[in-house]
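Trainee: okay, here's the prediction I keep looking at, along with the sequence it came from:
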Amino acid sequence: MKINKFPKNLLSPISSFLTAQLDKLKLRKKKISLEDPFKDKSRVMGNSSLDTEAEEQYGHARVSAIKDELNKKASQIEKALKRIKSGKYGFCEDCGKMIDTDRLSIFPEATMCVSCEKKREK
Ligand SMILES: [Zn+2]
């Protein structure tokens, strides 16, 4: 028997899980933004020592890197949620084959099968 639709009864828990994940990511992004030294408007420009400036540069770079990572994750989750809505969830966006359910249980935001993802990474 060829399965061409992801079981509906599995979609709604996945959808609520992903929505919750997305909310968590947004919250983390907000929190991490507060750690960005460049956000501190009260700091006196040009009045800090070189050491402090280097530290702030580093802090800003670190926050930016984490934010990038969070953004990447968030957009992947959004993509998966869109595929749930359009009924394409669980199928590879490249080859259209059903994504391994073991893979989906550890990585529910996956929108590609393992082999296509490996191909894309290259
Ligand atoms: Zn594929």
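Mentor: Right, received. Where do you want to start? As the structure is a computational prediction, the values presented were derived from the model and not from experiment.
Trainee: what packs against the lengthiest helix in the chain?
Mentor: The residue-count maximum for a helix in the chain (DSSP state H) belongs to helix 50-85. Helix 50-85 is packed against helix 8-34, with contacts defined by 3 or more C-beta pairs under 8 Å, 6 or more residues apart in numbering; DSSP states H and E. C-betas here are computed from N, CA, C, even on glycine.
Trainee: and the helix it packs on, how far out from the chain middle?
Mentor: Mean-position distance between helix 8-34 and its chain equals 9 Å (C-alpha atoms, centre = their mean, to the nearest Å).
Trainee: quick one: mean pLDDT over it.
Mentor: Mean per-residue pLDDT for helix 8-34: 94.
Trainee: stretch 99-114 too?
Mentor: Rounded mean pLDDT across stretch 99-114 is 94.
Trainee: how far out from the middle of the chain is it?
Mentor: Counting by C-alpha atoms, centre = their mean, stretch 99-114 comes out at 14 Å from the chain centroid.
Trainee: does that stretch come close to the ion?
Mentor: Yes: judged by C-beta under 5 Å from the ion, stretch 99-114 comes into contact with the ion through Cys113.
Trainee: now the residue nearest the centre of the chain: how far from Thr111?
Mentor: Compute the mean C-alpha point of the chain, and by C-alpha atoms, centre = their mean the closest residue is Lys73, 0.8 Å away. Distance, Lys73 to Thr111, by C-beta to C-beta, to the nearest Å: 13 Å.
Trainee: with Ser75 instead?
Mentor: On the measure of C-beta to C-beta, Ser75 and Thr111 end up 11 Å apart.
Trainee: ok, Leu25 next?
Mentor: Counting by C-beta to C-beta, the gap from Leu25 to Thr111 is 17 Å.
Trainee: and Lys39, by the same measure?
Mentor: Taken as C-beta to C-beta, the span from Lys39 to Thr111 is 33 Å.
Trainee: okay, the two: which has more neighbours?
Mentor: Thr111 (21 against 11; other C-beta atoms under 10 Å).
Trainee: look up phi and psi at the more buried one.
Mentor: phi -120, psi 10 (degrees, to the nearest 10).
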